[in-house]
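[1] next come a sequence and a model predicted from it.
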Amino acid sequence: GSMSLASKFEALAARWPLIPERAGRDLGEYLRKAYAQRFLAWARGSRDKVALAEKELAALQALADNAYKTKYDRAPTNFSGNIGTRWGFSQLATASQEKFSKGTFTAKLKESHKPAKTA
């Protein structure tokens with residue numbers, strides 16, 4: 001095809017969903033912003049950099065097409081599957097993680113082993 005590397009990349013990056021609750025940690029956001037700048041610099045660079053951009057684009061395409069899941073398919077377990085649709089992406093959000101992390105096991109352990117206060 002006659003599509004440039006840059007336009008192929010932009011079309012591919014646009015396929016990634018943006019999850020607002022994961023702002024600052026979202027792959028779609030990273031691809032569209034920080035990584036896009038680096039990729040576009042490679043695409044316009046020397047022959048070596050263009051070759052690198054082509055490899056990166058191929059890898060990104062494989063991820064987008066779920067090529068590795070197809071190639072190395074596994075039986076679903078409790079630790080695999082689509083967590084996003086099973087429990088909702090909101091469970092992966094920073095706010096949910098912070099709520100879950102409050103009162104850690106070690107904090108509770110320290111609290112339970114404090115010496116009794118004497119009057």
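    Looks like it arrived, so ask away. Residues are numbered from 1 along each chain as shown.

[2] remind me, longest helix of this protein?
    The helix spanning the most residues in the chain, taking DSSP state H as the definition, is helix 47-64.

[3] which neighbouring elements make contact with it?
    Contact here means 3 or more Cβ pairs under 8 Å, 6 or more residues apart in numbering; DSSP states H and E; on that basis helix 47-64 packs against helix 5-14, helix 34-43. For the C-beta atoms, the positions are set from N, CA and C on the backbone; glycine is no exception.

[4] report the buried residues of the first one.
    By neighbour count on 16 or more other Cβ atoms under 10 Å, the buried set for helix 5-14 is L5, A6, K8, F9, E10, L12, A13.

[5] the fourth one and L40: what is the separation?
    Distance, F9 to L40, using Cβ to Cβ, to the nearest Å: 7 Å.

[6] return stretch 7-24 as PDB; C-alpha atoms alone will do.
    Output in PDB follows, covering the C-alpha atoms of stretch 7-24 (Å, rounded to 0.1, in the frame of the first residue of the first chain):
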ATOM      1  CA  SER A   7      -0.500   7.300   8.700                       C
ATOM      2  CA  LYS A   8      -0.400   3.600   9.300                       C
ATOM      3  CA  PHE A   9       0.800   4.200  12.900                       C
ATOM      4  CA  GLU A  10      -1.900   6.900  13.500                       C
ATOM      5  CA  ALA A  11      -4.600   4.500  12.200                       C
ATOM      6  CA  LEU A  12      -3.300   1.700  14.400                       C
ATOM      7  CA  ALA A  13      -3.000   3.900  17.500                       C
ATOM      8  CA  ALA A  14      -6.500   5.100  17.000                       C
ATOM      9  CA  ARG A  15      -7.800   1.500  17.400                       C
ATOM     10  CA  TRP A  16      -6.700   1.400  21.000                       C
ATOM     11  CA  PRO A  17      -9.400   2.200  23.500                       C
ATOM     12  CA  LEU A  18      -9.000   5.100  25.900                       C
ATOM     13  CA  ILE A  19      -9.900   4.400  29.400                       C
ATOM     14  CA  PRO A  20     -10.400   7.700  31.300                       C
ATOM     15  CA  GLU A  21     -10.100   6.100  34.700                       C
ATOM     16  CA  ARG A  22      -6.500   5.000  33.800                       C
ATOM     17  CA  ALA A  23      -5.400   8.500  32.900                       C
ATOM     18  CA  GLY A  24      -1.600   8.700  33.100                       C
END
